[in-house]
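S.K.: Just to be clear, the model below is a prediction. Sequence and coordinates:
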Amino acid sequence: MIEARGLTKRYGSTLAVDDLSFSVCPGAVTGFLGPNGSGKSTTMRLLLGLDTPDAGEARINGRPYGKLPWPLREVGALLEARAFHPGRSAYDHLLALAQANDLPRSRIDEVLDAVGLAGVARKRAGTFSLGMGQRLGIAAALLGDPWLLLLDEPVNGLDPDGIVWVRNLLRSLAAQGRGVLVSSHLISEMALTADRLVVIGRGRLIAETSVADLVARSPKRRVLVRSPGARTLASLLREAGAQVEQATGGALMVEEISPQLIADIAASHQLAVHELTPQGASLEEAFMDLTRDSVEYRDATAQDPGHAIPGKPGTKETQP
Amino acid sequence: MTTSATRIPPGHYNAVNVLRSEWTKLRSVRSIRWALAALVAGTVALGITDSLVEASGWAHSPAADRVTFDPTNISLAGLAFAPLAIGIAGVLVMSGEYTSGMIRSTFAAVPRRQLVLAAKAAVLAAVALTAGELTMFTSFLAGQAILSGRAPHAALGEPGVLRAVALSGAYLALLALFGLGLGAIIRRSAGAIAAYAGLALVLPYILLALPGNLARFAPETMLASSVAAVRPRAHYLPPGWEGLALMALYAAIALWLGGLLFGRRDA
């Protein structure tokens, strides 16, 4: 169990984390979501005791990180940037960490196998690609077989195979009863991985919720409808309170009404429905709506949330 | 995945765990191995060169020079170079962690930061003392072998000789610890090496230009002209043991300040 209570961290005049409280429970993947620069990595460092908060505290299983008797056996962490010496081999890197917490050497081979680095274990880590570096970081996190894992943007630099691998790894860790906190700026990735979401923006908590709740709360749930009786259906849906627009190919884009209700209305008027597709973008839009006021960096041309990638680095906005 | 380490044992990570970890770190990085190899090779080579020059020049050297001739000090002439190599090794042990980001992995495994610094210092001291003594005794024996027969030479049993050779090796270990402390204070390799070179190697030349014989307190001057000599080469220099004690004080100050900042700063 990880608990953050009122965490606050200031760097110079920048308030990086602002009175942030949330918890990470066992047996679930908690997605830590926010645009770039919203304070995710700073929060991770505060949880690990690497940075000292200006106010508030973080507790791991009821204790501050610094008071853990065997830190690596309780919490495994993957930090944002590379956290290994480029001149040292993957094996020696893990060996040094294992020795520090008196872990058996057999764990090193086990985690190297688990992340697929066994073949390059004796190579200097500085020669690794970004993706291999991430795998080494994940191996270090798994080393102590901990019941809590903190992973900062673990899919960074991974190829599609690697992304699927991380997704499955996180799911299986949670299925074993472990608590996983994984940060990302991509809601689409979190939708596939996380059970719960902690959403932050500008260092403040915006929402602590589940993925399903976030979708449900989406103010604009849109459904693509194809029907041979589109014209009739459109007016029926409007009567029911929906907003209906023409989409390409004679389809309808329907808002403010659930797919179930659309189907019921069509059925009660004996209209055939050929397609009824909730639009996947709604989750991103929900996230965009949540974080709209708190995006630190945004492409100046990407003001339309339907097309923007949340938090995509771009020209820095002036502070509002 | 496995469960071999799942059960958390009683107790707490301890100094022995951290010492073993730091030993693994030190031996597994190439840059530090290179610095230590350069220490031995460069220092011995310089000592041999100086001994060859003195041996061939002895027959023609003026009487004044013959009076002050110190064959021990000649064979340890590599001390003009040794502090650079050993200091860089000491700096890199610490700054390499900050420059690479390794320090965050280290502190995540061992949140008690002063324990990390203490373990680093202990492991480095052992390695640097071994390397320093090996370098100094090899330099001495090689130099005396060259001098013997053509010029006066020294033996370890003569007064002051063993002290000069052994304390020079120990002095090198203290320079490594001084570098470690600077690495902890400055954190970046380039800056810490520059600071070390400035304080340990350049400062004496600045102090020499000032009145009051202040250069006698400079690490390089104390080492080359007093610690590594059978008798101090100038009347104002502190004798060998005092020079060593003063250097130990410098190293302790650097480590203390480094440890203080180490604990307070964000990693």
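M.R.: Ah, there it is.
S.K.: Quick one: low-confidence residue ranges for chain A.
M.R.: In the predicted model, chain A carries pLDDT under 70 at residues A:81, A:217-221, A:280-283, A:293-320.
S.K.: what do you get if the cut-off is 80, keeping everything else the same?
M.R.: A:80-81, A:212, A:214-221, A:279-320 (pLDDT under 80).
S.K.: middle-most residue in it, spatially?
M.R.: residue A:184 (3.5 Å; C-alpha atoms, centre = their mean).
S.K.: what about the nearest residue to residue A:123 once chain neighbours are set aside, neighbour count?
M.R.: The shortest distance from residue A:123 to any non-neighbouring residue, by C-beta to C-beta, 6 or more residues apart in numbering or on different chains, is to residue A:89 (6.1 Å). Just so you know, the C-beta spots here come from the backbone N, C-alpha and C atoms, and that holds for glycine as well. If you count neighbours by other C-beta atoms under 10 Å in any protein chain shown, residue A:89 ends up with 20.
S.K.: So stretch B:34-49, near chain A or not?
M.R.: No - applying C-beta under 8 Å from any C-beta of the partner chain, one finds stretch B:34-49 out of contact with chain A, separated by at least 9.8 Å.
S.K.: Other residues contacting that stretch?
M.R.: B:74-82, B:85-86, B:88-89, B:92, B:127, B:131-132, B:134-136, B:138-140, B:142-143, B:146, B:172 (C-beta atoms under 8 Å, 6 or more residues apart in numbering or on different chains).
S.K.: so which of those residues also contact chain A?
M.R.: Okay, of the contacts of stretch B:34-49, nothing touches chain A (C-beta under 8 Å from any C-beta).
S.K.: Can I get the buried part of those residues as one PyMOL selection?
M.R.: With 16 or more other C-beta atoms under 10 Å in any protein chain shown as the burial test, the buried ones among those are selected in PyMOL as follows:
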select buried, chain B and resi 74+75+76+77+78+79+80+81+82+85+86+88+89+92+127+131+132+134+135+136+138+139+140+142+143+146+172
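S.K.: out of the contacts of stretch B:34-49, which are inside helices?
M.R.: B:74-75, B:82, B:85-86, B:88-89, B:92, B:127, B:131-132, B:134-136, B:138-140, B:142-143, B:146, B:172 (DSSP state H).
S.K.: Wait, the residue nearest to the centre of chain A touches residue A:156, no?
M.R.: No - the criterion here is C-beta atoms under 8 Å, and residue A:184 misses it with residue A:156 at 9.1 Å.
S.K.: residues contacting residue 137?
M.R.: All of this refers to chain A. A:78-79, A:82-84, A:154.
S.K.: To clarify, I was referring to chain B.
M.R.: By C-beta under 8 Å, 6+ apart, residue B:137 lies in contact with B:165, B:169.
S.K.: Pull up the gap between it and chain A, please.
M.R.: To chain A, residue B:137 is 29 Å away according to C-beta to the nearest C-beta, to the nearest Å.
S.K.: From residue A:22, how far out is that residue?
M.R.: Distance of residue B:137 to residue A:22, given as C-beta to C-beta, to the nearest Å: 61 Å.
S.K.: Which positions within stretch B:222-240 qualify as buried?
M.R.: For stretch B:222-240, by 16+ other C-beta under 10 Å, it's B:222-232, B:237-238, B:240.
S.K.: and the next element down the chain from the lowest-mean-pLDDT helix or strand in chain B?
M.R.: Sorting the helices and strands of chain B by mean pLDDT, DSSP states H and E puts helix B:203-208 at the bottom, at a mean of 87. Stepping forward along the backbone from helix B:203-208, the first helix or strand reached (DSSP states H and E) is helix B:219-222.
S.K.: Who are the packing partners of that following helix?
M.R.: When contacts are defined as 3 or more C-beta pairs under 8 Å, 6 or more residues apart in numbering or on different chains; DSSP states H and E, helix B:219-222 sits against helix B:161-186, helix B:203-208, helix B:240-264.
S.K.: who wins for proximity to residue A:232 among these?
M.R.: helix B:240-264 (72.5 Å; C-beta to C-beta).
S.K.: Also compute the angle for that closest one relative to helix B:161-186, please.
M.R.: 20 degrees (axes from the mean of the first three to the mean of the last three C-alpha atoms, to 10 degrees).
S.K.: in helix B:240-264, what counts as buried?
M.R.: So for helix B:240-264, counting by 16+ other C-beta under 10 Å, buried means B:240, B:243-244, B:246-248, B:250-251, B:254-255, B:258-259, B:262.
S.K.: quick one: which of those is nearest to residue A:209?
M.R.: Among those, and counting by C-beta to C-beta, the member closest to residue A:209 is residue B:262, at 39.6 Å.
S.K.: surely the closest one meets residue B:113?
M.R.: Yes - using C-beta under 8 Å, residue B:262 makes contact with residue B:113 at a distance of 5.0 Å.
S.K.: can you pull out the strands in the stretch 51-200 of chain A?
M.R.: Along the stretch 51-200 of chain A, counting by DSSP state E, counting those that start in this stretch, strands occupy A:55-60, A:75-78, A:148-152, A:179-184, A:196-201.
S.K.: what's next to the shortest one, contact-wise?
M.R.: Translated: strand A:75-78. For strand A:75-78, contacts defined as C-beta under 8 Å, 6+ apart pick out A:2, A:44, A:48, A:60, A:65, A:68, A:134, A:137-138, A:140-144, A:146, A:148-152, A:154, B:108.
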